[in-house]
Structure formats: C-alpha cells, structure tokens
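> how does the following fold in three dimensions:
(chains A, B, C and D)
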2 protein chains.
Amino acid sequence: MTRNRWVSELHWRREGQQTRSEKTQAALLDAAEALILEKGTEGTSIADIANRAGSSVGAVYHHFKDKTALYYALFHRMTDAYAQLNAEASNPALWTDATVRDLFRGFLEISLTAAQRTGAAKAAVSAVIADHPALAAHYAEIQRETRKSLLKFVLERRDEIGRPDAEEAAAFAVDQCLAMVRAYLDPSQTAAKLQSLNDAQFIDRTVEMMALFLRLPPAKSA
Amino acid sequence: MTRNRWVSELHWRREGQQTRSEKTQAALLDAAEALILEKGTEGTSIADIANRAGSSVGAVYHHFKDKTALYYALFHRMTDAYAQLNAEASNPALWTDATVRDLFRGFLEISLTAAQRTGAAKAAVSAVIADHPALAAHYAEIQRETRKSLLKFVLERRDEIGRPDAEEAAAFAVDQCLAMVRAYLDPSQTAAKLQSLNDAQFIDRTVEMMALFLRLPPAKSA
DNA sequence: ATTATCTATAGATCTATAGATAATGC
DNA sequence: ATTATCTATAGATCTATAGATAATGC
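Numbering: from 1, shown residues only, chains lettered A, B, ... in the order given. Next comes the predicted model:
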C-alpha cells in the first residue's frame, strides 16, 4: 500500500486540508524543538518526541519518513518563515522614499519582528544544523540574500554616504549591522549591554553607529 | 581493580608524565573534533572516534569515563585555552600606557590569535554545546570575563571618550566589538565583506568604528 | 474506504565492560 | 608490576516497520 505523498525536497507532507494532520505535525515539531533545547539532538529520541507531543511513535513515522525528515521539517519551518519575510522586505516599492538611515532601521525592525515570531525555534535549529552540516548551506544562503538586498538598497543611495570609500564602507556597515542583530538576539552571546536595551533603544543606537561610520546626513525629523 | 584516578570536575585524566597517554588522548579528541564537524554529534559513535584516531574502543574507555566525559574534555581543551589567554590579557601591567584605541586593538589582536590557535575546534565545540546545554553556562562565563575586563580598562580611560553618555556608550561599543569578532571569525555567518578583509584591515576598520562612535581623540601616530 | 493513529516488536545500532595481551617503568 | 592497549560481546538503547484499531470523508 502506498502510504502517502511526500514532498521530497522538503521531506515532509504539505496537505493543507487536514487540520488534524497539521495539528499533529505541529505538535511533533514543537515537541522536538523543546526537547532539543533541553537535551540536545543526541539525547532526543523519537519516542521522547512522540510522548511529549501526546502522540505515538507510529504517528511520527506516518508524518515523517524518518528522523532526519523530522529534523529537516523543523529546520524548514523556521527558515521558510525567514525567507518569506526577506522576500517581502526586498520589494523596492516598500523603500521608494527611504534614506539610508530608514533602510537600516527597517532592516533592524524586520529582523527583530522575525526573531519574536520564531522564538525558541532558532536555538533548536542551530542544534539541528550542528548535527546535520548539510543544512548549513541553505541557512547561509538565506542570510546572504538578506545581506545582498540591504546592501543593494544602500548602494542605490550612495550619494548620502559622506565617506570617500562609500562602496567598501557600506558593505562593512551592512555586515556590522547583521552582527549586531545576532549579538542582540542570541542569549548565549554575553552582550550584557545590548541585552539590557529595549528594541527601540537598540535600533536607535545601531542606526546612529552606522550613520557615524558612513557619515550620513543628520536625521531629518528628530 | 581500581582503574585510574579521574579528575571529576574536568571528567578526564590529568597525568602530565606519560606522553604515550597524552598522544592517544589528543588523537582521540582530534578525531572526535573532525568527526563532529563532518557528521554532527549524533552521527558520531565511540567506534568511529577510535577508528579515526587509529585506536580502539577499549582505549577510549581507558582514557574517558564515558562519551560525555570525552565531549567535556573536548570542550575544556578549547575553553581552557581561551580562559588562559583572557587571564593573561587581563593583567593591567600590560596596558599601563594604552589608549582606548590601543585597548580595542589589543583585544581584537588577541581574539584573532586565539581563533587561529583553536582553529576548527570552535565549530566542533559549538556542536558539543548544542548537545550538552549544561556546558553553555561555562562558555558564556568565559566570554563574560573577557567582556568585563575590556570594559573595565576602557572605563578607566573615560576622559578619552568624547560622548556625554560615556559609560553607556562604552558598554555598547564593547559588545559591538565582540559581535564583530564573531562575525569575522564564524564562516557560517555570511559577512561577505568582513571575510574579504585580512586581519589588519579588519582590526583597523573596527577600531575606527569604535573611535567614531565613542568620539575618541585622533590616533597619535598614524 | 481513506487517512490517522496506536501498540508491539524485529533488527540494527551503540555504549560500556570484561578479560587478554602488549608496552613501559623500576 | 603498572599502565596502555586490544578484541569480543552483553545489555541497553533506538529506529523503523507491521499489523490492528479509531477517526474522518463520501
């Protein structure tokens, strides 16, 4: 008997119609996420995941081809959300009247929103990546996209940049901005000061730093 | 028969006299490190490690109480090196005539040297931490020490800082500097521009950014 | 009648130990 | 004679499947 259709690329089932299925899948992924955070991937077994989700081992294998497929699904659940947000933010129509300051601010706001949505998922996904090095490439690709589109928008406003080495400095500043977001969001990075700030303060400080470095014109309405 | 003495805290044997022992232990840790990088912790078995090291399963258990002890040893091999370097750099005598610029520069140089020494270890250790969440606290503690001593030295030179909010800004800048080092060193972070720089360029740029942000006096000899 | 779930378990690991052998130390 | 190493394997997982039962869909 053919059990089901698998979306081979994503390693898990689409099937938008069955809400029962979706709930179970989500519960299993949530359970895996929580357990990985608590005990790491090595300490987490299929039975553990099924129990935590209030489900059974058999159900796990009904929904996921194997353990790797489950981990891949967990990975994609988070990265797909990121990739989509990034795609939306890359629409030039959103930024027609934006200054470089606005771009950095917008990027920071979007990143923080995304982080709030994904929540604990990110740390668990990091563990999954550590155990499945093949996934690292896809994750890096998404981040590369983000970086690329932000840099492109900044460079389209090159005339705002007061430095003679505008191009190089902009690339440096973009990397910088990404590094800041990571330090701010990652609780394992002991950036005590950053983490004592609230989102608005963090964004203000970071934009200010970028402006100083790139010698941007003063903010219009402040 | 009592097999051996274990240093319970570190979970592995000290024993500085037997070079044969030390070589085997190092080979086992090297093998574990390489395998974890390739296949993650979950995919790596004791037998794999023993084979890669040209050793045997029995030898592994002669040197390490259990698999966790081996992973802990791998973890400590890296973090001990970091902690020691940090302790050395925290000696005020080293920095008697240093400016704030010199402090940042010194910190960056030390971090890069440390990274070169530890090499691939860091990524493997990240995977180990992901699988043994208990270790995260110790790692964070070491980084907190580094952060703290750099910030202390900077604040002792508060008069160099041109900003009215010197204290807050210094803390922000220190976190910033740590975030930059991470982005520069971590190949999984897609900081394309940073990674295209060589060490000296990276350090110059970063120090410059800190100087702009904190409004430090211009460099003396440039 | 098709999809989702469960229980029970075969088969494949993998960890850790026991016991024997080889290498070093006195 | 003490320490380091090996081979072989018991016992404990853990993954994935088979087959039965419950829930939904037409």
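> pull the contacting residues for A:Gly43.
By C-beta atoms under 8 Å, 6 or more residues apart in numbering or on different chains, A:Gly43 lies in contact with A:35, B:131. C-beta coordinates here come from the backbone N, C-alpha and C atoms, glycine included.
> same deal with the one 5 residues further on?
Remark: with contacts taken as C-beta under 8 Å, 6+ apart, A:Asp48 is in contact with A:31, A:35, A:39.
> which of those residues scores worst on pLDDT?
By predicted confidence (pLDDT), the lowest-ranked of those is A:Lys39, with 90.
> how about that one, nearest residue that isn't a chain neighbour?
B:Pro133 (7.3 Å; C-beta to C-beta, 6 or more residues apart in numbering or on different chains).
> right, and that neighbour touches A:Glu42 too?
No. In this structure, B:Pro133 is not within contact of A:Glu42 by C-beta atoms under 8 Å, at 11.3 Å.
> picking up where we left off before, got a list of what the residue nearest to A:Lys39 touches?
A:37-40.
> against B:His76, how distant is it?
When C-beta to C-beta, to the nearest Å is the yardstick, B:Pro133 and B:His76 sit 16 Å from each other.
> got it, and A:Val174?
Counting by C-beta to C-beta, the gap from A:Val174 to B:His76 is 36 Å.
> got it, and A:Glu33?
Going from A:Glu33 to B:His76 by C-beta to C-beta gives 29 Å.
> then A:Val100?
Applying C-beta to C-beta to A:Val100 and B:His76 gives a distance of 45 Å.
> neighbour-wise, which of those two wins?
Each of A:Val100 and B:His76 has its neighbours counted (other C-beta atoms under 10 Å in any protein chain shown); A:Val100 has more, 24 against 19.
> just the element for the residue positioned nearest the centre of chain A, please.
Closest to where the C-alpha atoms of chain A average out (C-alpha atoms, centre = their mean) is A:Tyr82, at 4.5 Å. Here A:Tyr82 sits within helix A:67-89, counting by DSSP states H and E.
> residues in contact with stretch A:71-89: which ones?
Here stretch A:71-89 has contacts from A:10-12, A:25, A:29, A:32-33, A:36, A:41, A:64, A:94, A:106-107, A:110, A:113-114, A:117-118, A:121-122, A:124-125, A:128-129, A:131-132, A:135, A:138-139, A:142, A:145-146, A:149, using C-beta under 8 Å, 6+ apart.
> now the residues you listed: which count as buried?
Buried subset of the contacts of stretch A:71-89 (neighbour count, 16 or more other C-beta atoms under 10 Å in any protein chain shown): A:11-12, A:25, A:29, A:32-33, A:36, A:41, A:64, A:106-107, A:110, A:114, A:118, A:121, A:124-125, A:128-129, A:131-132, A:135, A:139, A:142, A:145-146, A:149.
> now do the same contact list for A:Asp102.
Contacts of A:Asp102 (C-beta under 8 Å, 6+ apart): A:Trp95.
> any idea which element it lies in?
Counting by DSSP H and E, A:Asp102 is part of helix A:100-118.
> mind checking how far that helix is from the chain centre?
Remark: helix A:100-118 is offset 11 Å from the chain centroid, using C-alpha atoms, centre = their mean, to the nearest Å.
> angle of the following helix or strand past it against helix A:67-89?
Proceeding N to C from helix A:100-118, the next assigned helix or strand is helix A:121-131, under DSSP H and E. Comparing the axes of helix A:121-131 and helix A:67-89 via axes from the mean of the first three to the mean of the last three C-alpha atoms, to 10 degrees yields an angle of 130 degrees.
> check whether helix A:121-131 contacts DNA strand D.
No. Judged by C-beta under 7 Å from any atom of the strand, helix A:121-131 makes no contact with DNA strand D; its nearest approach is 11.4 Å.
> any idea of the angle the following helix or strand past that helix forms with helix A:100-118?
Downstream of helix A:121-131, the first helix or strand assigned by DSSP H and E is helix A:136-155. Here helix A:136-155 points in a direction 150 degrees away from that of helix A:100-118 (the same axes, to 10 degrees).
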